[in-house]
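Trainee: Using only what follows, build the 3D model:
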Amino acid sequence: MIGLAFAFKHEVIAEGEETLAHGTALLHLGYALAQGCGISRPMPADRLPAWAANWRREIWWTRS
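Mentor: Next up is the predicted model:
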């Protein structure tokens, strides 16, 4: 599926990312976007702006 999405120039979002190890594995598979409890637990919409302003990417997720 990732290969097809890339071939057609579509973005791919991995769903269900639960842990740092899971997120790192997804990066190695070619995913640049993900969502899941490993990034943040569900929250009310009014808390999102503060969360986004303070969120920091894990150093292991930074591509070299």
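Trainee: now could you export just the CA positions of the host helix or strand of residue 4 as CSV?
Mentor: Using DSSP states H and E, the element containing residue 4 is helix 2-7. Extracted C-alpha coordinates of helix 2-7, given in CSV (Å, rounded to 0.1, in the frame of the first residue of the first chain):
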residue,chain,number,x,y,z
ILE,A,2,2.8,2.4,0.8
GLY,A,3,4.4,1.8,-2.6
LEU,A,4,1.1,2.4,-4.4
ALA,A,5,0.5,5.6,-2.5
PHE,A,6,4.0,6.9,-3.3
ALA,A,7,3.7,5.9,-6.9
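Trainee: Could you give the average pLDDT over it?
Mentor: Averaging pLDDT along helix 2-7 gives 84.
Trainee: List the buried residues of it.
Mentor: By 16 or more other CB atoms under 10 Å, helix 2-7 has no buried positions at all. C-betas here are computed from N, CA, C, even on glycine.
Trainee: List the contacts of that helix.
Mentor: 11, 12, 29, 30, 31 (CB atoms under 8 Å, 6 or more residues apart in numbering).
Trainee: how about 10 Å then?
Mentor: Applying CB atoms under 10 Å, 6 or more residues apart in numbering, the contact partners of helix 2-7 are 10, 11, 12, 13, 14, 26, 29, 30, 31.
Trainee: Point out where the protein drops to low pLDDT.
Mentor: Low-confidence segments of the chain (pLDDT under 70): 60-64.
Trainee: distance between the helix ranked longest in it and the chain's centre?
Mentor: In terms of residue count, the longest helix belonging to the chain (DSSP state H) is helix 20-29. Offset of helix 20-29 from its chain centre (CA atoms, centre = their mean, to the nearest Å): 9 Å.
Trainee: about what we covered before: buried subset of the contacts of helix 2-7 as a PyMOL selection?
Mentor: In PyMOL syntax, the buried subset of the contacts of helix 2-7 is picked out as below (16+ other CB under 10 Å):
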select buried, resi 12+14+26+31
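Trainee: So which of the contacts of helix 2-7 is the closest to residue 51?
Mentor: residue 13 (18.3 Å; CB to CB).
Trainee: give the contact list for that closest one.
Mentor: The contact partners of residue 13, by CB under 10 Å, 6+ apart, come to 5, 31, 32, 33, 34, 35.
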